[in-house]
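> coords please:
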Amino acid sequence: MKEWKNGEEQGEWECARERKTERSEMGLLSNKVERAEIKPGDHIYTWRAVYTYAHHGIYVGGNKVVHFTRKKDTSRAIDSFDSSSISSSSSSGVPAVCPTFPDCGFHQPNSGVVLSCLDCFLGNGSLYSFEYGVPTSVFLAKVRGGTCTIAESDSPDTVINRAMHLLRNGFGNYDVFENNCEDFALYCKTGLLSLEELGSGRSGQASSLFGVPLSALLSMPFKLLAAGPVGMATVTAGMYCANRYITDIGVRKDVVKVSMEDLASNISVRHSRGTITENSSDATTNAASIEEEKR
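Predicted coordinates:
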């Protein structure tokens, strides 16, 4: 058994163990990280409205995040995955004007892709890192969707280039189920787009939203054979995990690698209501300065 030189050393070790245990337990839901741990090109997110939904974005360095929002909310540089009944200010508490970064909230006209500082992106929430290339067992062990994927990420430089390209050119119309902030971050990280409708949402977050009631419905015949509430819960949980797995972008067969140059035409196929803002001119001064800072 380890002998401690003094009580202070033992106290520090116990605190470190508690923090490790807490993060391990949180890993079943999501992957909480410290700011010093994130790197340019990382896919980050933060929970909003008491863990009702999460907002996703790409950290591009320099304390800046590129993310996708509803166009009407871009002045506040935040997103609402939920319905319009939850207001921007109440879900994050972020002021309309950032007191720290003058370019916070920058976006092209008619585009929902926004550049924000990390503080405004997080609002009052904590910082989480989206995980890529996770084993199937780890993916299925996650209770909450929209936290990881089996798909592999591209290089950080490629991810940042995609995010900055979309900041200049847009990512179509925001749709809570078919073209949301998680879809944006997934494309930046992988270049993958789904071209078919599965009816259960494209992102892991949307899939989970549909997955619980769908799993309960689909498992209904099996419940008649299940032995009591425990059996019912087991069957429903199994259906829920299966639904999450088959809709993951790293498993689905209907996804293709789409270049940034071909993105506009592919999004029009992927989402009939989504249109890319054709803004193919050179970057504005703000966007150019951001990319120069990144280099």
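> How many residues are close by S153?
For S153, the count of nearby residues is 20 (other C-beta atoms under 10 Å). All C-beta atoms are positioned from the backbone trio N, CA, C, and that covers glycine.
> Provide the secondary structure category for it.
Three-state call for S153 (DSSP: H, G, I helix; E, B strand; the rest coil): coil.
> pull the longest strand from the protein.
strand 53-61 (DSSP state E).
> Mind giving me the packing neighbours of that strand?
When contacts are defined as 3 or more C-beta pairs under 8 Å, 6 or more residues apart in numbering; DSSP states H and E, strand 53-61 packs onto strand 43-48, strand 64-68, helix 118-122, helix 156-169, helix 181-190, helix 285-294.
> Select, out of the ones you listed, the one closest to G133.
helix 181-190 (10.2 Å; C-beta to C-beta).
> Note down every partner strand of the longest strand of the chain and its orientation.
Take DSSP bridges as the rule and strand 53-61 pairs in its sheet with strand 43-48 (antiparallel), strand 64-68 (antiparallel).
> and the angle from the longest one to helix 156-169?
Just to be clear, that refers to strand 43-48. For strand 43-48 against helix 156-169, the angle by axes from the mean of the first three to the mean of the last three C-alpha atoms, to 10 degrees is 60 degrees.
> Show me what strand 43-48 is in contact with.
30, 38, 53-59, 65, 80-82, 91-92, 121-123, 125-130, 132, 146-147, 153, 159, 182, 185-186, 188-189 (C-beta atoms under 8 Å, 6 or more residues apart in numbering).
> buried stuff in that strand?
Buried residues in strand 43-48, counted by 16 or more other C-beta atoms under 10 Å: 43-48.
> sorry, back to before: determine which of the helices and strands packed on strand 53-61 approaches K257 most closely.
With C-beta to C-beta as the yardstick, what comes closest out of the helices and strands packed on strand 53-61 is helix 181-190 (8.0 Å).
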